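J.: Got a predicted structure here, sequence first:
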Amino acid sequence: MTRGARDASGRSSSARASAAILGSQMLISAAELVVIVALIAFVPETLTNPTIFGGIGALFALVGVGALVPWDRVPRRWRVVLPLLNILAIGLVRAAEPQLGSGLLLVFPVIWLARAFTVTETIVGVNLAILVIWIDRVFIGGPLVVNDFASIVLLPIALGFIAMTVYLAARRTRAQTVLLRSHSKLVENALTRGRRQQFLLSEVLNTVAFGVVAFNQAKQIVFVNRTYRRWTEAFGDSSRGSVFDRVYQSDRVTLYPEAGRPFVRAMAGQEFDDLVIWVGEPGEQRRAAYSVSSRMIHDPGDQSMAGLIVLKDVTQELEAIRGRDDLVGSVTHELRSPLTSILGYLDLVSETDLPAETRAHVEVASGNAERLLVIVNDLLRAASDAEKDLSMSFIPGDVAQIAREAVAANLMYAKTHDVELDIDVPATAPATIDPVRIRQVLDNLITNAIKYNRALGHVLVRIERDRMIRVEVQDSGVGIPEADLARIFDRFYRTRSARDSPVTGTGLGLAITREIIQRHGGELTVESVLGLGSTFRISLPKDPTETAGEQTA
Ligand code: ADP
C-alpha cells in the first residue's frame, strides 16, 4: 500500500508501521517481565548483578524508544536497529544468568526481523543472535559440557529455522495481500464501471422521447423512464402504480379487456409490435394515443429483468390520419351526388336514339363514370370510420372451403390477366372466424396477386394447419421494393410502380385486410423480391378468444 494509504479502520500505513514496531517491542518486554519475575522467585541475589540490570534496563529503554520515536519518519532501513538492539539487550540478560534460559527470548526479535524486514536484514539479525549466544558462552567461561550443546548448537539452529519459516510465511502472506488488493481493486473498478454504465443508460433512457418500462419475472415494474412517468402522471392511476388506469382500443371508445391490456400481455411473456392504446376518457379534450411494443429479455444470468415495454406517442399522427379521413370523406361525399346524377343522365341519353359514334362516346363516358363511382364509394367507405365500421361476427367456419370459393371466383379474373391461379389446401381448416371478412381478405390478396403480376405469371394459394391456420398467397409478379414493405399496409398507400401503372386501386385493400386479420388475433406478413414476386402470409388462431385483445392495431 502506498504511503498515506488507509486501512479499513482508517489508519494510515505509517501509523500502522509505528504501532507494529511498538507492538513487537512490547511483546519482547512483556516476555522479559516474566524473566524478571522468575529471577526474583528463584535467584533473587542476581538482581544485584550490574550486567543483568543493564540488560533489563536496556530492554525497557527500548520500549521507550519504540513508543517515542516517530517511526513513520525514520527511513525503513534504520528501523532494523530496534530488533538488533533487542538481541544485544537479551544477550546481556543471558550472560548474567544463563541457567534461566532467557536465550529463548532471542526468538522474538528474530521473528520480528523475519516478519517485517528483508532477507539480508533477517540473516544479519540471526547471525547477531548466534554471535551473542557464543560470546555469552565465552564470557561465562569454563569447559564445554553436554548442557552447552542445547544452547550453543541447537538454539542457533532453531533460530535459523524459525527465521526461515517465518520469513517464507510472511512473504507468502505479503504476496497474497498484494493479490487480494489487486483483486479488490479490480472488483471496485468493475463496480464503478457498472454503476457508471447504469447511470449513463438511465440518463439516455430518460432523455429519449419514448416511454420505457422494464419489469421483472415477478411481474413487478423495476424501471420507468422520465417520459413514461410524465405520461402516467397525466393519465395514470397512482393506486395501480405507474400504469394507465383505463386503456381504450384503436376505435378510441372500447375499453381493452383486462387480459388484453398490452401491459398484462407483455408481463405474460407475449411479444408484440405497435399496439395502439388510447388513454383519457372518450369525449374529453385531453386524450393521448400510444403505440406499444414489448420484448422479452432472455438472460438466464440476470433474473432481475424479464421484459421491456416501449411506448411511442402517436396522438398527432392518428389525429392527422383522422383529419385526412374526414377530408377524404367529405370530398368523396360531395363528389358522389353529382356523379350519380351524371350517370343517371348518361343512362337517359343512352336510351334515346343516337348516332352510333355518339352512343360509343356516351358508353365510354358512362363506363368511366361508373369506375369513378366505384372508387368514390371505396374511398367513402374507407374514410367513414374504417375501424369502427369493421364489425365482426365470429362463428365456426372452414378457411379451406373459403379459399376454394375465393379461388374459383377469381379464376376468370386471372384468365383475363393471363395468370395461372392454383390452390393447394387441406380438405378442411376449421376455425372460429368471420367467414365474410376472411373471404374479403382472400379476395383482396388474390386480386392483388393477379393484378400486380406479369403475363403468363402464376399465383398459388396454400393452407397449412398446425397450432394456427397458415394461409399463403404467393405470386410471381412485380414484387415490392424493400423500402415500401413497411408502408403497403398503410391506408391509401400505393407503391410508385403501382401509381405509375395502369392498374387502378385505392391503397385501402391491405390496410383493411390487416385490420381484419388482427381482429381475428392473427398476423399478416409479407416477403417480396423485386421482379420475382411476393408472398403474403396469414397466421390465424383457431380460436380468436385465446388471444384476447389482439384485435387492435
Ligand atoms: P390497391 O391494390 O388498391 O392499390 P392495396 O392496399 O391492396 O391497394 O395494396 C397497396 C399497394 O401494395 C398496392 O398499390 C401495390 O403497390 C402493393 N401491392 C399489394 N399487393 C401486391 C402484390 N401482390 N405484388 C406487388 N405489389 C403489391
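T.: Perfect, I can see it now.
J.: can you list the residues of the chain near the ligand?
T.: Residues of the chain lying close to the ligand (CB under 6 Å from any ligand atom) are 444, 448-449, 452, 475, 477-478, 480, 488, 493-495, 498, 505-511, 534. Using the backbone N, CA and C atoms, a C-beta is placed for each residue, glycine as well.
J.: which ones among those are found in helices?
T.: Taking DSSP state H as the definition of helices, the residues of the chain next to the ligand contribute 444, 448-449, 498, 509-511.
J.: Turn those residues into JSON lines, columns for neighbour count, pLDDT and distance to residue 284.
T.: JSON lines is the format used below for these (neighbours: other CB atoms under 10 Å; pLDDT from 0 to 100; distance: CB to CB, whole Å):
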{"residue": "444", "neighbour count": "19", "pLDDT": "93", "distance to residue 284": "36"}
{"residue": "448", "neighbour count": "23", "pLDDT": "95", "distance to residue 284": "40"}
{"residue": "449", "neighbour count": "27", "pLDDT": "97", "distance to residue 284": "44"}
{"residue": "498", "neighbour count": "19", "pLDDT": "88", "distance to residue 284": "40"}
{"residue": "509", "neighbour count": "21", "pLDDT": "88", "distance to residue 284": "34"}
{"residue": "510", "neighbour count": "23", "pLDDT": "93", "distance to residue 284": "33"}
{"residue": "511", "neighbour count": "20", "pLDDT": "89", "distance to residue 284": "28"}
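J.: all strands for the stretch 251-400 of the chain, in order.
T.: Using DSSP state E, counting those that start in this stretch, the strands of the stretch 251-400 of the chain run over residues 272-279, 288-296, 307-313, 395-398.
J.: Select the longest helix from the protein.
T.: Secondary structure assigned by DSSP H gives helix 155-207 as the longest helix of the chain.
J.: Show me what it is packed up against.
T.: If contacts are counted by 3 or more CB pairs under 8 Å, 6 or more residues apart in numbering; DSSP states H and E, helix 155-207 sits against helix 107-116, helix 119-140, helix 226-235.
J.: Can you say which of the ones you listed is packed in most?
T.: Burial of those is given as mean neighbour count (mean count of other CB atoms under 10 Å); helix 107-116 ranks first at a mean of 23.
J.: returning to that earlier point: measure how the longest helix of the chain sits relative to helix 107-116, angle-wise.
T.: Here helix 155-207 runs at an angle of 40 degrees relative to helix 107-116 (axes from the mean of the first three to the mean of the last three CA atoms, to 10 degrees).
J.: next helix or strand past helix 155-207?
T.: On the C-terminal side of helix 155-207, the nearest following helix or strand under DSSP states H and E is strand 211-215.
J.: Tell me how many other residues crowd the residue lying closest to residue 497 once chain neighbours are set aside.
T.: Nearest residue to residue 497 in three dimensions, chain neighbours excluded: residue 478, at 6.2 Å (CB to CB, 6 or more residues apart in numbering). Using other CB atoms under 10 Å, residue 478 has 21 other residues around it.
J.: Ok, residue 62 next?
T.: Counted with other CB under 10 Å, the neighbours of residue 62 add up to 20.
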